[in-house]
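Asks: What follows is a predicted protein model with its sequence.
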Amino acid sequence: MDAAAMLEWLLERDVSALLRVDAERQGVRPWTFHASGGSQDNRWTIRADADSAEECLHRVRKALKAHGLDLPE
């Protein structure tokens with residue numbers, strides 16, 4: 001699943017998310033993915049930073065799975 005499809009999938013599940021690349025970090029883990037969701041009583045937030053977009057999305061998949069969101073391949 002590419003980043004755009006992942007963001008669409010999360011939107012359908014009422015999860016707010018963004019993928020960002022930050023040139024000001026001068027190549028040190030410039031990719032960031034941030035997501036938040038859950039109910040008012042059980043709100044959660046995740047963040048992953050990585051050197052590549054692929055690694056960032058891999059880390060996010062693991063974190064989302066821990067919150068019960070098992071993304072399709």
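Replies: Nice, thanks for sending it over.
Asks: pLDDT at residue 27, what is it?
Replies: For residue 27, the pLDDT comes out at 77.
Asks: Could you look up the SS state of it?
Replies: Following DSSP: H, G, I helix; E, B strand; the rest coil, the label given to residue 27 is coil.
Asks: And residue 48, by the same measure?
Replies: With three-state DSSP as the basis, the three-state label of residue 48 is strand.
Asks: tally of neighbours for residue 15?
Replies: 18 (other Cβ atoms under 10 Å). To be clear about C-beta, it is placed using only N, CA and C from the backbone, and glycine gets the same treatment.
Asks: contacting residues around it?
Replies: The contact partners of residue 15, by Cβ atoms under 8 Å, 6 or more residues apart in numbering, come to 35-37, 69.
Asks: One more pass at 7 Å, please.
Replies: 35, 37 (Cβ atoms under 7 Å, 6 or more residues apart in numbering).
Asks: can you tell me how far it sits from residue 60?
Replies: Applying Cβ to Cβ, to the nearest Å, the value for residue 15 to residue 60 is 11 Å.
Asks: How about residue 24?
Replies: According to Cβ to Cβ, residue 24 and residue 60 sit 21 Å apart.
Asks: Can you pull the residues that touch both of residue 15 and residue 60?
Replies: The contact lists of residue 15 and residue 60 share residue 35, where a contact means Cβ under 7 Å, 6+ apart.
Asks: just to revisit the earlier point, more neighbours, residue 24 and residue 60?
Replies: Comparing residue 24 with residue 60 by neighbour count (other Cβ under 10 Å), the higher total belongs to residue 60, at 25 against 5.
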